[in-house]
Structures are given as structure tokens and as C-alpha cells.
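Colleague: need a structure here:
(one chain, ligands or ions: 1)
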Amino acid sequence: MSRPISRSTVETIVRDVLRRQGSLADDPSRHVEMVFDSDLALALKQEMVDVGRKLWARQYVDGNGGNISCRLTDEWVLCTPTLTSKGDLRTEDICLVDFDGRQLAGVRRRSSEILLHLAIMKAVPAARAVLHCHPPHATAFALVGQVPPVAMLAEHEVFIGPVALVPYETPGTQACADAVVPVAAHHNTILMANHGVVTWADSLTHAEWFVEVMDTTCRVLILAAQLGVPPKEIPPAIVGGLLEIKRTMGLPDARFGDNQPPAPAGVRDEQQVRLITDLVMKTLAAAER
Ligand SMILES: [Zn+2]
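Modeller: Numbers count the residues shown, from 1 in each chain. All right, here's what the predicted structure looks like:
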């Protein structure tokens, strides 16, 4: 595979082109706005709106609860605003922050829980998107301080596997963000005690799938517990086969230990190509005017 182009290289090229067109005037804020308004950013904002509606429709978010984020570049992240129902999100509500949580663009104020998202993205380069919500069945497990057992449901084995549980910390604080860092690399799905769930994935849509798988698993386990018969485990040989499938998909699993499969690089590369193409096309269009 070819070497990935660094964002700073691209930025240098784009700045050079813009300067030659006389349209940049050394104004970094203009560069932020161009990237924030790029076609790639708009596509990701629309995906955030769509995922927000799915979370609300499935009753995974309550009131203004839950938050969503997506890497836009190696330095900047799109995130949902504070005090907004995820069922009412609009693309124009989305904010842009840097990895210190400083807001760079967007008319609404960024979610206070962005620190949690950024902590995961900084700890796990493969985390392109992070999603936090309060799905009731999974949150019930978080309330009693239990994680769902493994080897129960095939989808859960492949997409999630062992779930981590981290101690309660006040939402929006750095302590809440710091609590997930030690477990994030080996767990794409983390229960936060007395609070909810956070998932990460190579795309926002996939992070939403993981929340659905997680809450369904917890719901089925709660239902099975009412039948008065202990649930039966998937035989170990079959679990081994499921883990091999998981490895080929580049998904993390605590059972892999330090031998985690390499994450597929496709999404990041594709995003860079789209962003560069967008900026070049805009620059050319501006030059023709
Ligand atoms: Zn929350």
C-alpha cells in the first residue's frame, strides 16, 4: 500500500495553491471554514444526523442525552452540540473541535462530553467515530455493575466480544474521559457504570451498529433470565471460528491480548482523497471566477 499522505503535506499544497490564487491572505480561519464546509464534512454531518435519528427512534437517547463524533482530518473532529435531542439534529448544528476540545467552527456550542470522545480517538488511532448513548438494556447492566457474558450470541462475539466496564465518573469531566482510556484499544464497546455505553468504530454507522448489537444482547439476556433455565453457551470450537472471522474484519477483542488485528485503513484513505479533491475543486472553481 502506498504511504499515507500527511495532513500537513496536503495543507501545505492547498495553502500554496490558494496563496497563488491570492485568495487565502494568510487567514487560517478561512482554511478551517473551507474544510468545515467541504463536501466530505457535509457527508459526515449528514451521517451524524441520520445516526442521531436512529438512536432516538430506538430509544437509546433521552432528553438531550447522547453524543456523536467523527474524525474529519488528523487534527479536527466533528461533534454534536450540547442541549439538543439527537432526534432533532440538523447538519447546521454540528460543531468542529480540535483534539484539545477547542471549538473551531459551528454556530452551536459543542457537547461537554466531547472530552470522552477525544480521549478514545487519541488512545486508538483506528477509532474514526465515537458514539455515546443510554440504551436501556445495556444501561441496566451498567447499573448493576455487570458485563454481558461472552459465547452467547454469534453477532455479539464477532462485532463486540468481551465488554469493558469502567467506574462512574461525572459526565463531561476529564476524569470521565480518562476512565475509558486504559480499556479502549481492546474494547470497541464500553459500559460506563451508572451511566450508559460508549462505542467506537471505523465509521459512525458501524459504531451505531455496535450499540444496537450491544443493547440487543443485553435485552435477550434479560429475557432469557426470566425463563428459569440457565442459558447455554456457544461451543468453544465455534467461538474460535467466530474469532477468526473477527480477526479478518480488523475488529479488536480483549481475547486477542496484545496481538490485536490491524485496523483496515480504507476509511481514512478514502476520507483524505475526498477532502483533497474537494479542496482542489473549490480552489479551481474560485480561480475561474
Ligand atoms: Zn451520557
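Colleague: for V198, phi and psi?
Modeller: The phi/psi pair for V198 (degrees, to the nearest 10) reads phi -130, psi 130.
Colleague: Which residues are in contact with it?
Modeller: L116, I120, V130, L131, H132, V180, T189, I190, M192 (Cβ atoms under 8 Å, 6 or more residues apart in numbering). C-beta coordinates here come from the backbone N, C-alpha and C atoms, glycine included.
Colleague: Strands of the stretch 51-200 of the chain, start to end?
Modeller: Ranges of strands in the stretch 51-200 of the chain, per DSSP state E, counting those that start in this stretch, are 67-71, 76-79, 95-98, 103-105, 129-133, 164-166, 189-192, 196-201.
Colleague: any idea which element L279 lies in?
Modeller: Using DSSP states H and E, L279 sits in helix 266-288.
Colleague: thinking again about what came up before, can you lay out the strands of the stretch 51-200 of the chain as a markdown table showing distance to G172 and mean pLDDT?
Modeller: A markdown table is the format used below for the strands of the stretch 51-200 of the chain (distance: least, Cβ to Cβ, whole Å; pLDDT from 0 to 100):
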| stretch | distance to G172 | mean pLDDT |
| --- | --- | --- |
| strand 67-71 | 10 | 97 |
| strand 76-79 | 13 | 97 |
| strand 95-98 | 14 | 97 |
| strand 103-105 | 15 | 96 |
| strand 129-133 | 11 | 98 |
| strand 164-166 | 15 | 98 |
| strand 189-192 | 12 | 98 |
| strand 196-201 | 13 | 98 |
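Colleague: From the contact counts, what lies against the helix holding L279?
Modeller: Using 3 or more Cβ pairs under 8 Å, 6 or more residues apart in numbering; DSSP states H and E, the elements in contact with helix 266-288 are helix 7-20, helix 28-36, helix 39-57.
Colleague: which regions of the chain sit below the pLDDT cut-off?
Modeller: 1-8, 11, 15-28, 265-269 (pLDDT under 70).
Colleague: Please identify the deepest-packed of the strands of the stretch 51-200 of the chain.
Modeller: strand 129-133 (a mean of 29; mean count of other Cβ atoms under 10 Å).
Colleague: what's the angle from that strand to strand 67-71?
Modeller: Following axes from the mean of the first three to the mean of the last three Cα atoms, to 10 degrees, one obtains 180 degrees for the angle between strand 129-133 and strand 67-71.
Colleague: Need the contact partners of strand 129-133.
Modeller: Against strand 129-133 from outside (Cβ under 8 Å, 6+ apart): 51, 55, 60-61, 65-71, 86, 113, 116-117, 120-121, 196-204, 206-208, 210-211.
Colleague: same deal with stretch 145-160?
Modeller: Outside stretch 145-160, the residues touching it (Cβ under 8 Å, 6+ apart) are 141, 161-165, 188-189, 191, 193, 209-210, 213-214, 216-218, 220-221, 231, 233-234, 236, 239, 242-243, 245-246, 249, 251.
Colleague: repeat for stretch 86-94
Modeller: Outside stretch 86-94, the residues that reach it (Cβ under 8 Å, 6+ apart) are 42, 45-46, 48-49, 52-53, 55-57, 61, 65-66, 68, 78-81, 84, 106-108, 133.
Colleague: ends of stretch 97-114, how far apart?
Modeller: 9 Å (Cα to Cα, to the nearest Å).
Colleague: Check stretch 155-170 too.
Modeller: 32 Å.
Colleague: From the chain's centroid, how far away is that stretch?
Modeller: In this view, stretch 155-170 has its centroid 14 Å away from the chain centroid, taken as Cα atoms, centre = their mean, to the nearest Å.
Colleague: That stretch: which residues count as buried?
Modeller: Across stretch 155-170, burial judged by 16 or more other Cβ atoms under 10 Å covers H156, E157, V158, F159, I160, G161, P162, V163, A164, V166, E169.
Colleague: closest one to E33 among the strands of the stretch 51-200 of the chain?
Modeller: E33 lies closest, by Cβ to Cβ, to one member of these: strand 103-105, at 6.4 Å.
Colleague: Are there helices or strands packed against the closest one, and which ones?
Modeller: Applying 3+ Cβ pairs under 8 Å, 6+ apart, one finds that strand 103-105 contacts helix 28-36, strand 95-98.
Colleague: looking at these, which is closest to Q272?
Modeller: Nearest of the helices and strands packed on strand 103-105 (Cβ to Cβ): helix 28-36, 11.8 Å.
Colleague: Counting neighbours, which bits of that closest one end up buried?
Modeller: H31, M34, V35, F36.
Colleague: One more: stretch 36-56?
Modeller: Quick answer for stretch 36-56 (16+ other Cβ under 10 Å): 36, 38, 40-41, 44-45, 47-49, 51-52, 54-56.
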